[in-house]
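Student: No sequence on hand, only this structure:
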């Protein structure tokens, strides 16, 4: 399926899974078992020289205690570190599951071909010198892809750090990392190899373990979708962290990520850093990997529609990951804070409010219970202040009581290392309580040095700690958002009964005539065929025709000039409003023709467009633009100059579901205006939601359409629907229908 | 001077300094030399028991190597740790500069009195048990204040950690911290003692030194203004970090902080964490201005007007502090990035753009020079990628070349620990180059473990390092903003020639009549007296009067009902617009009176307000609300429902200068609308700036005014000024004029 098209029929709930199995994911969901769980690994380009990557890979495999057999390949060595060497892969007599290739890029293609001949099941090309170094390299990379496809032999890389599987029954470090991470339930995949080295270093310092650690480099063959598809079913992985600079298939990503994050029997959160957010950043990305960058709004939309949590920094991804990987999701946003210091308690409260959490209101029984165990100078309401001289017993009592409150779904425990504070004992009581509760507990033992032993106790026992008070609220807020995503009501892509052939014939005519912009009457025809609330309207080529058509439209009405050469009708006097009678209409017709002809003498005037005046309402804009990589992207925004100035708009990748359309409308900052301010009746939000879905359907059905602007869509008060006032549809004159 | 009032005459540039010296800062700028640089220190409540604060303080003083003499006071001990003890302060025969009091709060007052009698020059009360524990404690705290003022004996605390002065010629740790920080050029002051312990711990881990470290607790006597005043002239302090929960005198803070951050011969940046951001729920207010103003907006305004950098977290304050304290301010926002890894380079670029920095465009000679020293696969434009196998020579060459480019004002050096990376050598070349350049250099050696020794080399040599790529851009952006602040053009508070007595008599009448809300005609009188662009208008009590007054106003005109009981004129049919003739006016008068009387039968109708219709323009809102702690706060926002919904407004503490008023207008997100969109002429921004200054002058002159709303102010195209369309002025009926 071309990412530039989508048949919205395929996206109703029943058919998604079927579709994926039969069409898409036989291609995408490659069998990577031999790559992740090999019994035999050949290291082609293994070296004796310790400063080389060829040595590092072999050494890492040995040091990590790989449970299968290792076959170094090097024509110039008999053995390396006591392991027998082979002159070539062909010389190895046993079948090889995985070959790790470290030879210079110039010989890599040849080596890969020999792997194919030998029947190697999977390959990792570590070597650089491909697409990232220019034309020559890109050619080599294409050969790599061709060979891998020809032999049905998945290839990871080139230009990557390699792959690590910490599963004790595999225990494979097929990378040149400086460090083997400890086992854990987090999978990490990265388009940047260098970032991998840094990530492993952070993880070492912060005691974080990984299930799989994958550097996928230039993704000549295997890409993020193949890897996600594998990790979806990986029992050792509970959480996926990603660093990407682009996505190969936005639409495929949305489908697969939705399943992983929400629809699978055991949903797994995905946290992503998408670099190249900005124009300048995207430029850097181009010169680095040669990858094309989509605009950042599209990526935002993609992640939002996938339930993927997008973060801004390496620090944030770790902060969130440890919370997701170690603690249960909170039931709701109601958080309690326990602290031994006022200031840090306030800072934590501030951060909770800033990140959108609710400070839980305690039951009166909770406050009474706290009064019994805390000194009179303590604070018994939320945030609970157990006072600077608190020791573990006070923390223990307060934590138990607060967790027992039905209004509390998560607790943040704040500790400052004061004179009397028995830090490690406090850590121990938190750990014990954490093991007994289903509620979320995060801690902030402030500082680095004095609290270090206590922090180790917490982290070793799945209680994530943060050195600063802003950490726990940010992580909790992300967990709450994810919880909402997992539990959201599921809606399907709604397919309205429409008249596709009517729309298509109009569009085909425009394409055939090489006409970029449809005239307003044609645009309205297309929209009417797709059931948009188009006002009564008609094209009139003569004064008499105009007069006669007023009957079926009714008064008052608007008149707009129709000419292929005029796109800004207002500016040339080509718009008249509030015409109240047939006389008004005929006179306006004459005047308009005259005025427009004078201003644009070379414009061919096809006639005038007569349109009933709309009932009053609020102006919104809905639109679509087709992206070369993501296909049709639909947009919603409030109308008017203010909102345009502050860019208060939102995008989603089509097709959109009903809930998605509703969330779009609710997401703009100026949404309260639609709900009604100053005692107004709310606008008909359902009508917008329906129009957005119809727009999605039209965009998916008709790939010849490049852009649609419905501006304004006039939204009437609740129950009264909406009206399309003006519309622009742009087609691709070079479009060719697929047979 | 009462903070609730301000005499704007005092704020013109010449008089500020004079004013401060003569009036305010003789009171505020207390002599704290004896507290910070004592030759003799008494420890009252010193103890032999090691787990007590009384022991910790004495021990800290001794351990830190205090250069003066220590006099422990404890009636039950002859000596502690070999130091002779005294039974009471009176028993000490030498004069005492500083007494540190650790006795229980119940006896603290008595001890303080004895200190006063003894002639002690300054006191620190460590003990808790004052205002923070309720009424009894508050009483004690008032006694503390009374005694300190009576003896002119400055008191720090109570309820604090104490004070540290790292100056080698003093070397005093008069606190119960677990740690003595190393000397440095940063002063830290904190309202929270517990936070101090955490801050010292972070600083120890991150190798950060302090000049002074001050926990000021309940500020019974000495407050943040006294301390800032001292630090302003402290030669050991280059940068001030603060944690505050409130400010005792917002207006005084603005004056003093402006001098420290920008006007002193050696300006010092101030970084502040203001905790308690959470909206305290703007109470029922009479105006738009009031309802949109929370306490946090006032603090934002205060810090913005003071050149103070407000940060969100402890982590951020450290990140910024090390940059400010160690590196020169960059000349402008143009930054270069040097990296050995593409991905982290993109992430750094993204962060630079997000924080508003400019990615420098290199001269072609720079690119040529880079090509000579870097491998062909490197990236020679910004961000410069020296490639993964880069060693110190490549970093050295690239850094020197890039620093030499006139378009580069700062450089961020990014390093990932890859196989070939000679981390410590690279750190050394950066340090060497940093010592030779005037440009700003920050580094991001990614990770914690592998890079640790390199990072130590950097930090020991004043090159701040950040573990994540988002750190350097955030710090650089703050430095650039501060640089702009220091170099901003200075404008004075402009005093327009106005007619204060006219305004005052109207206001006095309202106060005398206990009338909360001025009727529109009175409000316009006040504004006219202060030179606002009030449209021709008049009050008419009878139909005949209305008819006769149309002459001086002209047509078309608007008619608005005037009644003390009616505040929402539109809702009761009390507004008619576009009246075009005397007949229109007389008829409208009759209809309006009838309609309003019917709807609000108990309203006393004083007449109608006739007002010329305004020329077209764009609607903005300007307003003022008087805050009990900060005095008059002026507001600016675009008019209309959109902007109200998204709260696109800005506040400033009056009096405002011309530049400040201009910045207000420019700061709202919808400012482009005023500049003109879609080819419109820009609006008359100068007119808004003048109105804001007049509003500031009026608010400062007339303390009886509680709120002002000018909504809308219609702003005409550039050069055509503005018109006040509607105005609400609320006075305090309980206001009493000062004699």
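Tutor: All right, it came through fine. Since the structure is predicted, the reported quantities are computational estimates derived from the model, not experimental observations.

Student: which element is the residue nearest the centre of chain A on?
Tutor: Most central in chain A under CA atoms, centre = their mean is residue A:303, positioned 1.4 Å from the mean C-alpha point. With elements taken from DSSP states H and E, the one containing residue A:303 is helix A:296-306.

Student: Buried residues in that helix, which are they?
Tutor: Of the residues in helix A:296-306, A:296, A:298, A:299, A:300, A:301, A:302, A:303, A:304, A:305, A:306 count as buried by neighbour count, 16 or more other CB atoms under 10 Å in any protein chain shown. (Each C-beta comes from the backbone N, C-alpha and C, glycine too.)

Student: Check which helices and strands that helix sits against.
Tutor: helix A:250-258, strand A:270-274, strand A:309-311, strand A:631-638, strand A:649-653 (3 or more CB pairs under 8 Å, 6 or more residues apart in numbering or on different chains; DSSP states H and E).

Student: Spell out which parts of the stretch 351-500 of chain A neighbour chain B.
Tutor: Residues of the stretch 351-500 of chain A lying near chain B by CB under 8 Å from any CB of the partner chain: A:351, A:353-354, A:377, A:388, A:416-420, A:446-451, A:467-470.

Student: Out of the helices and strands packed on helix A:296-306, which gets nearest to residue B:403?
Tutor: Go through the helices and strands packed on helix A:296-306 one by one with CB to CB and the one that ends up closest to residue B:403 is strand A:270-274, at 29.6 Å.

Student: Break chain A into its domains for me.
Tutor: Under the assignment automatic domain parsing, the domains of chain A span A:31-324, A:328-486, A:500-612, A:618-731.

Student: before we move on, the earlier item: would JSON lines of the helices and strands packed on helix A:296-306 with distance to residue B:496 be doable?
Tutor: Output for the helices and strands packed on helix A:296-306, formatted as JSON lines (distance: least, CB to CB, whole Å):
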{"stretch": "helix A:250-258", "distance to residue B:496": "59"}
{"stretch": "strand A:270-274", "distance to residue B:496": "53"}
{"stretch": "strand A:309-311", "distance to residue B:496": "51"}
{"stretch": "strand A:631-638", "distance to residue B:496": "39"}
{"stretch": "strand A:649-653", "distance to residue B:496": "42"}
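
Student: Any chance of JSON lines for the ones you listed, columns mean pLDDT, mean neighbour count and distance to residue B:710?
Tutor: Compiled in JSON lines, the helices and strands packed on helix A:296-306 are given as follows (pLDDT from 0 to 100; neighbours: other CB atoms under 10 Å in any protein chain shown; distance: least, CB to CB, whole Å):
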{"stretch": "helix A:250-258", "mean pLDDT": "93", "mean neighbour count": "24", "distance to residue B:710": "49"}
{"stretch": "strand A:270-274", "mean pLDDT": "96", "mean neighbour count": "24", "distance to residue B:710": "45"}
{"stretch": "strand A:309-311", "mean pLDDT": "96", "mean neighbour count": "20", "distance to residue B:710": "42"}
{"stretch": "strand A:631-638", "mean pLDDT": "90", "mean neighbour count": "24", "distance to residue B:710": "26"}
{"stretch": "strand A:649-653", "mean pLDDT": "90", "mean neighbour count": "23", "distance to residue B:710": "31"}
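
Student: Same list (those) but as CSV, adding distance to chain B.
Tutor: As requested, those are exported to CSV (distance: least, CB to the nearest CB, whole Å):
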stretch, distance to chain B
helix A:250-258, 19
strand A:270-274, 7
strand A:309-311, 11
strand A:631-638, 7
strand A:649-653, 13
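
Student: got a list of contacts for the helix holding residue A:303?
Tutor: Helix A:296-306 is touched from outside by A:247, A:250, A:253-254, A:257-258, A:261, A:270, A:272, A:274, A:277-278, A:308-310, A:627, A:630, A:633, A:650-653, A:656, A:660, with contacts defined as CB atoms under 8 Å, 6 or more residues apart in numbering or on different chains.

Student: Surely residue A:572 and residue A:599 touch.
Tutor: Yes. Counting by CB atoms under 8 Å, residue A:572 touches residue A:599, with 4.6 Å between them.

Student: who's more crowded, those two?
Tutor: Each of residue A:572 and residue A:599 has its neighbours counted (other CB atoms under 10 Å in any protein chain shown); residue A:572 has more, 18 against 13.

Student: which stretches of the stretch 251-400 of chain A form helices?
Tutor: Remark: helices assigned in the stretch 251-400 of chain A by DSSP state H, counting those that start in this stretch are A:279-289, A:296-306, A:314-326, A:342-354, A:364-373, A:392-403.

Student: Same list (those) but as TSV, adding distance to residue B:113.
Tutor: Shown next, in TSV, are the helices of the stretch 251-400 of chain A (distance: least, CB to CB, whole Å):
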stretch	distance to residue B:113
helix A:279-289	65
helix A:296-306	65
helix A:314-326	51
helix A:342-354	29
helix A:364-373	35
helix A:392-403	35
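
Student: If I average pLDDT within each of the ones you listed, which one is lowest?
Tutor: Ranked by mean pLDDT, these bottom out at helix A:279-289, with a mean of 44.

Student: if we can go back for a sec, please spell out the ChimeraX selection for the buried subset of the residues of the stretch 351-500 of chain A next to chain B.
Tutor: To isolate in ChimeraX the members of those that are buried, counting by 16+ other CB under 10 Å, one can use:
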select /A:351,388,416,417,418,446,447,448,450,451,467,468,469,470
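
Student: residues of stretch A:152-166 that come out buried?
Tutor: Buried residues in stretch A:152-166 (16+ other CB under 10 Å): A:153-166.

Student: Contact partners for the nearest residue to residue A:210 once chain neighbours are set aside?
Tutor: Using CB to CB, 6 or more residues apart in numbering or on different chains and skipping residues adjacent in sequence, the residue nearest residue A:210 is residue A:181, 4.5 Å away. Taking CB under 8 Å, 6+ apart as the criterion, residue A:181 is in contact with A:164, A:166, A:200, A:203, A:204, A:208, A:209, A:210, A:213.

Student: isn't residue A:597 right up against residue A:605?
Tutor: Yes. Here residue A:597 reaches residue A:605: they are 7.0 Å apart, a contact under CB under 8 Å.

Student: could you point out where chain A is predicted with low confidence?
Tutor: Applying pLDDT under 70 to chain A flags residues A:1-29, A:277-295, A:642-644, A:738-739.
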